[in-house]
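>>> Attaching a predicted model along with its sequence, questions to come.
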Amino acid sequence: MLQTGDLAPDFTMDSDKDDSVSLQDLRGNTVVLYFYPKDDTPGCTKESCDFRDHYATFQKREAHVYGVSCDDILSHEKFSAKFDLPFPLLSDPDASVCTAYGVYKEKSMYGKKYMGIERTTFIIDDEGRITKIYPKVDVEGHVEEILGEI
């Protein structure tokens with residue numbers, strides 16, 4: 001399990017903005033990496049729209065925001081366009097990055113067990129170290145809480 005102070009696992013993932021994003025390339029910047037279960041679902045939409053609504057503040061603080069789920073790029077493109085999300089959504093179709101970050105877990109719904117993403121946010125500093133982990137995120141007020149940290 002990752003902890004505060006650990007070096008964040010490196011990744012390269014495709015983005016809905018027609019490029020790929022590598023954590024290594026983001027060194028020198030603060031990165032907010034939020035993992036969410038599924039595009040265009042109620043909680044994920046609320047969380048993403050909260051990041052959108054506060055995006056200018058993240059930019060002023062020179063923090064880069066990225067959403068990550070196992071959805072494919074086409075799904076991300078539709079979700080981003082529908083809600084006018086200004087930051088990239090990264091696709092992790094094989095859940096390898098989600099697994100490396102420890103957020104791909106067994107979940108249960110209506111008595112059925114399945115593997116999925118546990119909503120979690122990481123703040124990563126300019127040296128690639130994790131400065132804060134928000135596990136099992138409650139969407140309400142979450143973005144404001146992050147802004148209080150950066």
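That came through, no problem.
>>> need the helix or strand of the protein with the lowest average pLDDT.
Here the helix or strand of the chain ranked lowest by mean pLDDT, DSSP states H and E is strand 104-109, holding a mean of 88.
>>> Past that one, which element shows up next along the chain?
Next along the chain after strand 104-109, taking DSSP states H and E as the criterion, comes strand 112-117.
>>> Direction included, what does that following strand pair up with?
strand 104-109 (antiparallel) (DSSP bridges).
>>> And the strands in the protein, which stretches?
For the chain, the strands defined by DSSP state E cover 12-15, 20-22, 30-35, 63-69, 89-91, 104-109, 112-117, 120-124, 130-134.
>>> Run the chain-centre distance for the third one.
When distances are taken as Cα atoms, centre = their mean, to the nearest Å, strand 30-35 is centred 5 Å away from the chain's centroid.
>>> Now do it: everything it contacts.
Strand 30-35 has contacts (Cβ atoms under 8 Å, 6 or more residues apart in numbering) with 8, 23, 47, 51, 58, 61-69, 98, 101, 103, 117-126, 137, 146, 150. Every C-beta, even on glycine, is put in place using the N, C-alpha and C of the backbone.
>>> doesn't residue 74 make contact with residue 93?
No: at 11.2 Å, residue 93 and residue 74 do not qualify as touching, with contact defined as Cβ atoms under 8 Å.
>>> Next, give phi and psi for the residue of the chain most remote from its centre.
In the chain, counting by Cα atoms, centre = their mean, residue 111 sits farthest out from the average C-alpha position, at 27.1 Å. With angles defined as degrees, to the nearest 10, residue 111 sits at phi 80, psi 0.
>>> per-residue confidence for it?
On pLDDT, residue 111 comes in at 87.
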